[in-house]
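Asks: A predicted structure for the sequence below; I have some questions about it.
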Amino acid sequence: MTKQRGPVFAGLLIALILLAFLVIPVVQVIYVAFQDPASGALTLVNFSDFFRSSLFQESFFNSFYVAAMSVVVATIIALPLAYFTSRFNFAGAAIIQTLGFIPLIMPPFVGAVAMLLLFGENGSVNLLLDEHLGFTIPFMEGLNGVIFVQSIHYFPFILINLSAALNNVDRSMEESAQNLGASGMRLFRRIVFPLAMPGYVAGAALVFLKVFDDLGTPLLLNVNTMLAPQAYLRISSIGISDPMGYVISVILVVFSLFALWTSMLALKGKDYSTLQKGGGGMLKRELRGGQKIAAYALILLILLLVLSPHIGLTLLSFGTVWSYSPLPDAYTLDHYRMVFGSAREYITNTLLYAGLAASFDVILATAIAYIVYRTGMKGRKWLDYIATASLAVPGVVLGIGYLRTYNDFNVPFLDKPMASWWVIIVVALTIRRLPYALRACVAALQQVSVMLEEAAQNLGATRSRTLWRVVVPLMSGGMIAGFVTSFATASVELSATIMLVSQESDAPLAFGIYEFMQSASGRGAGAALGMIAVVIVGLGTYFSHRVIERSHKLRTAERQIAEEVT
Amino acid sequence: MSSESVGISIRNLGLAFGDNEVLRDISLDIAPGEFFAFLGPSGSGKSTLLRAVAGFGPRPSGQILIGGEDVVDLPPWKRNLGMVFQSYALWPHMTVRKNIAFGLEERRLPAAEIRRRVDEALELVGMTAFAGRRPSQLSGGQQQRVAIARTIVVEPKVLLLDEPLSNLDANLRIQMRRDIRALQQRLQLTTIFVTHDQEEANTTSDRMAVLNDGYLQQVGTPMELYDNPSNLFVARFLGTANILPGSIVEEDGRKVFVSDSGVTFPLDIEGEGQRSIVFRPQNASIHCGRVEADDAHIDLPGVIVHTEFLGSIVRYGVKVGNETLLLDLPHIQGEGLIAEGTEVTVLVARERILALAG
């Protein structure tokens, strides 16, 4: 190995950034949770206070219940869809696959209010049910509402993982069972489902994690007796010295870690991907006439349900007054005029913040990927681990950590605390989205054969020249995909942002939506902002998908050539 | 394990994936207790044919009679045919014991009997010590044994083996093919063995069928097929063959073979037109200089163009006209090589040459 001054320098810089903006703030939060507020001594008194308070007991139970029930409901939605796509040849499979992008395109809190208007006690559906059938269903009552909104948004995590797992089951696994006399449901229960189980658990754990940590949805649905809202409310109303916010943060982190660990364990220990050379995924069957109709009806129903937040949001953004009626009274463009006029700052701020954050993410991610997979630097794996660990840090926790760590740190020349400078929002977004960009870049780098680099070095290119002329161009597809994913998801981030926005003029889109949605009169404008967010994220998702697809095609072509040569 | 051996008859079997016909009008009979190989290059349809027998893939036209019963319309799980998959298809979430017990459990047998029969099967393949392991903890050869045990424990009517040795290394392959053959003999189980490796087919099977491009080419014992291929494909596919393309013409009232490169000799066979002379490298002798053949032989004048010393034999390339023929002579200690460039005459006994169409 030649001397690697460049990578070592970059590695140290990255380590420093991760330390300052991820490790120290989180450790700080944990430390404060164990600190006596008065004396500063280490103690467990905060935790015993927490578990003695009936409000926190209830919040803890509610968070757990909502997360678990969301997994159950999401499973009920995802299981039949995964089964249909992996078992049958039919056109609906393409529609189902598109569903996978729903949670990316619109975070649940954006549609939450619209769901209230559609499914709430006096929402469209219940008004119609009451009028025609004489009963109502409490979809949105209290915790039900959170469960309903969350499971509709996050079921695709289960769908994607479960479908992938089902498609990775080699058909000979199934055929050998048939050959030995098994068929139908028994075959599914004894062979197919156990083999797909790790994929399911991985998806389910992710859903649990997302719901358990989510702040925006319960806040907007006005359900405050859950952990994340409690942490936010304590810090924002009582102040950053109140220990309860920190105790809740520790609990959130512990559960997040546990969920992530479960998900990783499920996928790691049992690599059941049994696809063989020359084999194929599961046997696909044709649907018969009646089955086809039933399958399409089911898919249509689920599709309608999944799109209802979007439908509701669209109606809300164009509607004048919408209350106690199935549809808005009249339609108008006023809300859009308003958001493009006085509320334009939200949009420009978002583009700036998300753009910066995504750029930093791609730079960091490329560097980390290269250091981890192409150099022999000591401790390089830790860069990967720490950057990925930010997945387990809920936005609320990171926000509290920044407030605590950087409130007393004045930015030179500006003379104000770093914690209330807009740049801290960009930093938070960068750290929060880094794992996504990192995975995209690692995947891209792993597809670049080391031999291609060795060939360049053999022809006289130095390490850095090789990086610029061979590695980065070949990785560009993954880097762009990483940028777009980071950008799109950063532009609708709420939970860390909501804690770090110190003045209205610094606020991004997600914060604006939250502000508007608070009051009945602002809902229209909030929905219009929400629509803009959906468009930004939708376009982003579409382009990253295109980029991935294109580079994938390129790569398949390369591989074909390689195979023909050998 | 004592079930009556059954025979298999395939009648006019055709099969297509959409518009792509992969099996065309195949008819063959397999005797009870016979070890039968389907041999062919990849894409020949041999695996598709085996899978059709097992009940996988699209529904074929024609009949598959097993013990006299047409099974074409039976689903795989009602056929009671044991199949060993190329990838073994051991379920990774079950132990070796659970894998083997699966088929018996599906047949709802009492737990005690399942236990006894699984133990027997483990014993039979020598895997008793590994009953508690997971498939991922076994070597390739051990997985193979488990896959076989899992299949025969249900006492299938027929044993179907889909390229069972292709995932093993060379030494193990020879050991396993002996073991499989011995097991088959012991159980007297009618067996179909799919392979693209002629040596495997030769060493294991009683008879074999050669397939190409979805057509059945020839059926017979390995030796019959090697010595008397019915067409050029079979001749080429089974070992090395010297092929002299040409035609049969009548000259002065008697039949003469004229090769495309101008070699001529009398050949008394039926019919006229395009024919290729075919013989194996070891079925000829080489003589230095020009030698006239007697009535029992044909003589082909040529020049040695290359020599390959292979140990037990020496392979000579002899250029005859435009064709280079390969000839194998046994190597006997002390004998040297014939130098390249030497003019020679190749003599082939008439009874060892074939004149095949094309």
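Replies: Thanks, I have the structure now. Numbers count the residues shown, from 1 in each chain, chains lettered A, B, ... in the order given.
Asks: only C-alpha atoms for contact and neighbour calcs from this point on.
Replies: Noted.
Asks: okay, now residue A:297: neighbour count?
Replies: 12 (other Cα atoms under 10 Å in any protein chain shown).
Asks: Just checking, which helix or strand of chain B averages the lowest pLDDT?
Replies: Lowest on mean pLDDT, DSSP states H and E among the helices and strands of chain B sits strand B:264-266, with a mean of 85.
Asks: let me redo that: chain A
Replies: helix A:102-105 (a mean of 68).
Asks: Beyond that helix, next helix or strand please.
Replies: For helix A:102-105, the following helix or strand on the C-terminal side (DSSP states H and E) is helix A:108-119.
Asks: who in the stretch 151-300 of chain B is up against chain A?
Replies: Within the stretch 151-300 of chain B, the positions adjacent to chain A are B:151, B:154 by Cα under 8 Å from any Cα of the partner chain.
Asks: where along the stretch 151-300 of chain B do the strands fall?
Replies: For the stretch 151-300 of chain B, the strands defined by DSSP state E, counting those that start in this stretch occupy B:158-162, B:190-195, B:207-212, B:215-220, B:242-251, B:254-259, B:264-266, B:273-279, B:284-288, B:297-309.
Asks: Now these in JSON lines, please, with extra columns for mean neighbour count.
Replies: Shown next, in JSON lines, are the strands of the stretch 151-300 of chain B (neighbours: other Cα atoms under 10 Å in any protein chain shown):
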{"stretch": "strand B:158-162", "mean neighbour count": "25"}
{"stretch": "strand B:190-195", "mean neighbour count": "26"}
{"stretch": "strand B:207-212", "mean neighbour count": "23"}
{"stretch": "strand B:215-220", "mean neighbour count": "19"}
{"stretch": "strand B:242-251", "mean neighbour count": "19"}
{"stretch": "strand B:254-259", "mean neighbour count": "20"}
{"stretch": "strand B:264-266", "mean neighbour count": "16"}
{"stretch": "strand B:273-279", "mean neighbour count": "21"}
{"stretch": "strand B:284-288", "mean neighbour count": "17"}
{"stretch": "strand B:297-309", "mean neighbour count": "19"}
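Asks: Tell me how many other residues surround the closest residue to residue B:54 other than its chain neighbours.
Replies: Take residue B:54 and drop its neighbours on the chain: the residue closest to it by Cα to Cα, 6 or more residues apart in numbering or on different chains is residue B:76, 6.0 Å away. Look at residue B:76: counted by other Cα under 10 Å, it has 25 neighbours.
Asks: closest point of the stretch 251-358 of chain B to chain A, which residue?
Replies: residue B:308 (26.3 Å; Cα to the nearest Cα).
Asks: Let me see the confidence value for the residue lying closest to that residue once chain neighbours are set aside.
Replies: Setting aside the residues directly before and after it, residue B:308 is nearest to residue B:315 in space (Cα to Cα, 6+ apart), at 5.0 Å. Looking at residue B:315, its pLDDT is 95.
Asks: Report the mean confidence score over stretch B:107-127.
Replies: Here the average pLDDT along stretch B:107-127 is 93.
Asks: got a list of what residue B:59 touches?
Replies: Applying Cα atoms under 8 Å, 6 or more residues apart in numbering or on different chains to residue B:59 gives the contacts B:15, B:52, B:72, B:73.
Asks: The first one and chain A, how far apart?
Replies: So that's residue B:15. Remark: distance between residue B:15 and chain A (Cα to the nearest Cα, to the nearest Å) = 17 Å.
Asks: now do residue B:241
Replies: Distance, residue B:241 to chain A, by Cα to the nearest Cα: 27 Å.
Asks: The residue nearest to residue B:54 contacts residue A:181, correct?
Replies: Yes - the criterion here is Cα atoms under 8 Å, and residue B:76 meets it with residue A:181 at 7.4 Å.
Asks: Helices along the stretch 51-200 of chain B, start to end?
Replies: Along the stretch 51-200 of chain B, the stretches classed as helices by DSSP state H, counting those that start in this stretch are B:96-106, B:111-124, B:140-152, B:170-187, B:198-204.
Asks: Make TSV out of these and add distance to residue A:523.
Replies: Output for the helices of the stretch 51-200 of chain B, formatted as TSV (distance: least, Cα to Cα, whole Å):
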stretch	distance to residue A:523
helix B:96-106	60
helix B:111-124	66
helix B:140-152	64
helix B:170-187	73
helix B:198-204	76
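Asks: Which residue would be the closest one in chain B to chain A?
Replies: Counting by Cα to the nearest Cα, chain B gets nearest chain A through residue B:77, at 4.0 Å.
Asks: Measure how buried that residue is and give me the count.
Replies: Residue B:77 has 20 nearby residues by other Cα under 10 Å.
Asks: Helices along the stretch 151-300 of chain A, start to end?
Replies: Using DSSP H, counting those that start in this stretch, helices in the stretch 151-300 of chain A cover A:171-179, A:184-187, A:193-213, A:216-220, A:227-233, A:243-268, A:289-318.
Asks: Please name whichever of these is nearest to residue A:540.
Replies: helix A:289-318 (17.1 Å; Cα to Cα).
Asks: Quick one: mean pLDDT for that closest one?
Replies: On average, helix A:289-318 scores 84.
Asks: and that helix, what does it pack onto?
Replies: Using 3 or more Cα pairs under 8 Å, 6 or more residues apart in numbering or on different chains; DSSP states H and E, the elements in contact with helix A:289-318 are helix A:54-87, helix A:92-99, helix A:108-119, helix A:143-167, helix A:334-341, helix A:523-565.
Asks: Nearest to chain B, out of those helices?
Replies: Using Cα to the nearest Cα, the helices and strands packed on helix A:289-318 put helix A:143-167 closest to chain B, at 13.7 Å.
Asks: packing partners for the closest one?
Replies: Using 3+ Cα pairs under 8 Å, 6+ apart: helix A:143-167 touches helix A:54-87, helix A:102-105, helix A:108-119, helix A:193-213, helix A:216-220, helix A:289-318.
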